[in-house]
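coords please:
(chains A and B)
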Amino acid sequence: MTFVAPPPAPARDQTSPDQTLSADEVLRIRNDFPVLHQLVNGHQLAYLDSGATSQNPISVMEAEQEYYEQRNAAVHRGAHTLAFAATEVFEAARATVAAFVGAAENEIVWTSNATEGVNLVSYSFSNASLGLGGPAAARFALGAGDEIVVTEMEHHSNLIPWQQLALRTGATLRFIPVLPDGTLDLTAAAEILNPRSKLLAVTHASNVVGTINPIDDLVAMAHAAGALVFLDACQSAPHLALDLAALDVDFAVFSGHKMLGPTGIGVLYGKAELLAAMPPFLTGGSMITTVDMQTAEFLAPPQRFEAGTQRISQAIALASAVDYLSHTGMGRIRTREAELGRRLVEGVTAIPGVRLLGPGVGVERIGLAAVDVAGVHAHDVGQFLDEAGIAVRVGHHCAQPLHRKLGVTASTRASTYLYTTDDEVDRFLAVLAEVGPFFGVPR
Amino acid sequence: MTSSAMQQLYQQIILDHAKSAHGAVAELSALDVDAGAAADGVRQAQSHQVNTTCGDEITVRVGLTGTGGEARIDGFAWRGAGCSISMASASVLSDTVQGTTVAESEAMLDLFREMLRSRGTIEPDEEVMGDAAAFAGVSKYPARVKCAMLPWVAFEAALLQLR
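Numbers count the residues shown, from 1 in each chain, chains lettered A, B, ... in the order given. So this is what the prediction gives:
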C-alpha cells in the first residue's frame, strides 16, 4: 500500500462553511480510511455503498481501542477511578453527539442501532396504551380510531415497528403516497394528517431515491393536526448539518455505522419533555431509583431508556466519528455530496437503457442514485460491477413498498460519502454502461 | 473491460436460458386444472422459495405418476422473478427433470448441489449434466450459489410433499 502525501489542507478559517471539498482534500481524507486502499478482483476498490454502511477513519478505531486499553469499566456505578473515567468519556460522547444534532444531552438515548430506537418508541407507546406511565403518558396512548401516519418511502425499519404498534393497539396505519418522481405527495399529506393522527413517522432523506423531504412543511402539518413527528435521520445525519431542535421534530433516530462510526450503536433523540413523560421499553438494571419486590421507580431520561450494560466503546467511537465530521464541516460535506449526486444523476441518465429512480437532474439529493437497468436483474448488475472492484448495493434496500410503487422489484444503488472521488463515480458510470451490452440487451 | 471471469460465470448457455426460459408459465394453475392428468393419476405439489438476500422468488409445480423412486416426473412448470442465474437455472431444471424418474432427478439434484458447493473444485461431466454443467462457474461465487440453487430447492421441496 503506498500513500501519496497530498499538499496540506487550507487553514479552516479560510474556508467557507459550505465550500466543497477539493480533490486534494478528498485524497487526504482517504488516507484516514485504510479499508479503501485495497484491490478487489484486481482493481482498486471503489466503495460506493456508504448508504448501507460507511467506513471508519483510523481515529474512530483508535478511540475504541484507547477506551479498552485505558478506561474500560462499568459506567454509572462503582466508586473507583476507572469507573469514573469510563463514565466521564461515555457522557462526554453523549454531549458531543447532542451538540452535533442540536439537542440537549438528556435528549440523547443510546440504542444498539436506529431500528432499536424506532422499536423503543413504538413499544413505549404500547406501554402507554396499556396505562403504564400514568396520566403523563396518556398522550402516547393509542387505540381504535387513532391513526399512525407513515410514508410510502420508508425503510422497513421505520415502517414495520409502526405496523406492529397499530396491530397491538388497534390504531389504523395510513401512509402518504410517493409520486412517480420520487417525492412525497404533500397534497395528499395535507388530507391524511387530521385530528385522529397521533404520530407521523417520516424519513428525512430516502435511502433509495435520495430525496430530501420537506420536513419543515410536514412538521407544520403534523403539529397542526396534533400529531407527534418521528424522524428517521439515518440518511441525513451523516450527510448534512442536522438541527433537530430547529426542525422541531419530536423524536428522531440515526445510526452510528452510517456516519463513520462503529456498528452496534444508534441514537434516539426525543424532546426532553416527551422523554420525561414516556414509560420505558426495556427495563432492568441501571434505569431505576428504588426497587421493591413488586414495583420499581425509574430514573429520569436518558437513563430510563438505557437498561443494562451500555455500548460504551461504541458510543465513544461514535463521538470520535462526529468529531471527524465536525472538523471536516457538515456544510462542506453536504455541498460535496450534492456534487457527487449530480455527477451520478447526470451520468446514469445519459446511459441508454438505464432508468434513474427518483428525482432527476436539478433536484438536490443526498449523494446516491438507484437505477434500474432494462432487461438485467440488479443482482447481475451488482456482480458485474463487483468484478470491476466497484461495491454497490443491489436489491430492494429494505424498501419493498417504494420499489413496488416505482414499478421495480430491485435496483442497483451507488452511494457516496466524503471520501468518494469523482473518478470512482466515473468508473461506476463507465462499467454500468457496459452491463446492458454484456447481457445482450438490445440498445 | 468485460473480463473472462464474467464470461465464465455468465456462460452463453446461461444467458440464453435466462432470455428464453423453458418451462416458465404465467399461471401455475394451468398445470393444476389439467383434469386429464388428474384422471390419469398424476399427483401434484408446488413449493414457493424466496432468496431473502435479493428478493428473488420462484414457485415450482411438479406432477408425478407412480410411487417411490420409479415414479416419473409428469409435468413441470415454474413461475418466478429473479436474476439471470436463478432464471436460467429454473429453465435448465425444467429441461433436465421432465420425464425422468424421481430417483434420476434426485441423483441430478445431488450432483448439481455438490458442484455448486465445490467452490470451483469440481469439473462437471457435461455428458451427465448437460446444460446444468454450465453453472460450474457459479460455484466460485458463494453469494450466487443460492441463486442457482433456488429453483432446485423448490423442486426438492415439492417432491418431498409427494413422498
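
which outside residues touch the host helix or strand of residue A:125?
When secondary structure is defined by DSSP states H and E, residue A:125 falls within helix A:114-129. Surrounding helix A:114-129, the residues in contact under the criterion C-beta atoms under 8 Å, 6 or more residues apart in numbering or on different chains are A:109, A:111, A:133, A:137-143, A:157-158, A:161-162, A:164-165, A:168-169, A:199, A:201, A:230, A:232, A:234, A:251, A:253-255, A:266-268, A:270, A:278-282, A:305. C-beta: built from backbone N, CA, C; applies to glycine.

pLDDT score assigned to the residue in chain B that chain A sits nearest to?
Using C-beta to the nearest C-beta, the point where chain B gets nearest to chain A is residue B:83, with a distance of 3.8 Å. Predicted confidence (pLDDT) for residue B:83: 93.

Just give the number of residues close to it.
Residues near residue B:83, counting by other C-beta atoms under 10 Å in any protein chain shown, number 27.

before we move on, the earlier item: tell me the buried residues in the helix or strand that the helix holding residue A:125 is followed by?
Once helix A:114-129 ends, the next helix or strand along the chain (criterion: DSSP H and E) is strand A:147-151. Residues of strand A:147-151 classed as buried: A:147-151 (neighbour count, 16 or more other C-beta atoms under 10 Å in any protein chain shown).

Pick out the most distant pair among these.
With distances taken as C-beta to C-beta, the most widely separated pair in these is A:147 and A:151, at 13.6 Å.

Can you tell me how far the residue lying farthest from the centre of chain A is from chain B?
Computed with C-alpha atoms, centre = their mean, the maximum C-alpha offset from the centroid of chain A is found at residue A:293, amounting to 40.2 Å. In this view, residue A:293 and chain B are 44 Å apart by C-beta to the nearest C-beta, to the nearest Å.

any idea of the pLDDT on that residue?
At residue A:293, the model reports a pLDDT of 96.

Quick check: it vs residue B:98, distance?
69 Å (C-beta to C-beta, to the nearest Å).

circling back to that earlier point, any chance of the buried residues of strand A:147-151 in a markdown table, with pLDDT too?
What follows is the buried residues of strand A:147-151, written out as a markdown table (pLDDT from 0 to 100):
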| residue | pLDDT |
| --- | --- |
| A:147 | 98 |
| A:148 | 98 |
| A:149 | 98 |
| A:150 | 98 |
| A:151 | 98 |
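
give me the low-pLDDT residue ranges for the chain?
Going with chain A. Low-confidence regions of chain A, defined here as pLDDT under 70, cover residues A:1-14, A:443.

Let me rephrase: I mean chain B.
B:1-2, B:29-40.

What parts of it come near chain A?
By C-beta under 8 Å from any C-beta of the partner chain, the part of chain B that sits against chain A consists of B:1-3, B:5-6, B:9-10, B:15, B:19, B:53-56, B:81-85, B:87, B:141, B:144, B:147.

quick one: what helix or strand has the residue nearest to the spatial centre of chain B in it?
For chain B, the residue nearest the mean C-alpha position is residue B:93 (3.2 Å; C-alpha atoms, centre = their mean). Per DSSP H and E, residue B:93 falls inside helix B:84-97.

CA-only coordinates of that helix, as PDB, when you get a sec.
What follows is the C-alpha trace of helix B:84-97 in PDB, where atoms were taken according to Å, rounded to 0.1, in the frame of the first residue of the first chain:
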ATOM      1  CA  SER B  84     -30.200 -14.400 -14.800                       C
ATOM      2  CA  ILE B  85     -28.600 -17.100 -12.700                       C
ATOM      3  CA  SER B  86     -31.800 -18.200 -10.900                       C
ATOM      4  CA  MET B  87     -34.000 -17.900 -14.000                       C
ATOM      5  CA  ALA B  88     -31.600 -19.800 -16.200                       C
ATOM      6  CA  SER B  89     -31.200 -22.400 -13.500                       C
ATOM      7  CA  ALA B  90     -35.000 -22.900 -13.400                       C
ATOM      8  CA  SER B  91     -35.100 -23.200 -17.200                       C
ATOM      9  CA  VAL B  92     -32.300 -25.800 -17.100                       C
ATOM     10  CA  LEU B  93     -34.000 -27.700 -14.300                       C
ATOM     11  CA  SER B  94     -37.200 -27.800 -16.400                       C
ATOM     12  CA  ASP B  95     -35.300 -29.400 -19.300                       C
ATOM     13  CA  THR B  96     -33.400 -31.700 -17.000                       C
ATOM     14  CA  VAL B  97     -36.100 -33.300 -15.000                       C
END
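
Would you mind listing the buried residues in that helix?
By neighbour count, and taking 16+ other C-beta under 10 Å as the criterion, the buried residues in helix B:84-97 are B:84-94, B:96-97.
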